[in-house]
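**Q** pasting the sequence and the predicted coordinates here, then a few questions.
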Amino acid sequence: QLVESGGGLVQAGGSLRLSCAASGRSISIYAMGWFRQAPGKEREIVAAVSRNGASTYYGDSVKGRFTISRDNAKNTVYLQMNSLKPDDTAVYYCAADFRSILGSGPTTTAALYDYWGQGTQVTVSS
C-alpha cells in the first residue's frame, strides 16, 4: 500500500515536499515514480528513481525544480517541489514498479507500474 501526503495550496514560487509511505513490503525492491494528472489532461510522469537510487528521471516541465529521493530505511519516497507554478496544479500520485530489475534505470512508463497511491492534491495559486 502506498500513501501520499504533503499536498496542499501554495503560492507560485513556493515549495512543497510530497511523501509516499509504503507498507507491506520494503520499497528497496521497487523502482518508484511520481506522476500527476490535471483536470482534462492525461496522467504524466513527473519523476522516477531506480531501485538502487542511482538513477533518476524528470519530466521536461519539472527539470531543475523538482527532486525525487528515496529513503529505503524509512520505506518512503519524496518529491521536493520548488519554484512551483500554477501549471503544476494537479493530483500527484506515487507508484511502485515491482518488476524492475536491480541495476536497471528508472521506470518512465505508467503502464509498467504495479501499485499506485490514492493521490494528493497540489494547488498552486498565481
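**A** Great, that's in hand. Numbering: from 1, shown residues only.
**Q** show me the strands in the protein, by range?
**A** 2-5, 8-11, 16-22, 31-37, 44-49, 56-58, 66-71, 76-81, 90-97, 115-116, 120-125 (DSSP state E).
**Q** most neighbours per residue, which of those strands?
**A** Here the criterion is mean neighbour count by mean count of other C-beta atoms under 10 Å, and of the strands of the chain the winner is strand 31-37, at a mean of 25. For the C-beta atoms, the positions are set from N, CA and C on the backbone; glycine is no exception.
**Q** using CSV, write down the CA coordinates of that strand.
**A** Below are the C-alpha coordinates for strand 31-37, written out as CSV (Å, rounded to 0.1, in the frame of the first residue of the first chain):
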residue,chain,number,x,y,z
ALA,A,31,11.5,1.3,-8.8
MET,A,32,9.5,4.3,-7.7
GLY,A,33,7.9,7.2,-9.5
TRP,A,34,5.7,10.2,-9.2
PHE,A,35,3.0,11.1,-11.7
ARG,A,36,0.4,13.8,-11.9
GLN,A,37,-2.9,14.4,-13.5
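**Q** and the average pLDDT for it is what?
**A** Mean pLDDT, strand 31-37: 97.
**Q** distance of the residue nearest in space to the middle of the chain relative to residue 5?
**A** Central residue of the chain (C-alpha atoms, centre = their mean): residue 34, 2.1 Å from the mean position. Counting by C-beta to C-beta, to the nearest Å, the gap from residue 34 to residue 5 is 13 Å.
**Q** what do the two both touch?
**A** residue 18 (C-beta atoms under 8 Å, 6 or more residues apart in numbering).
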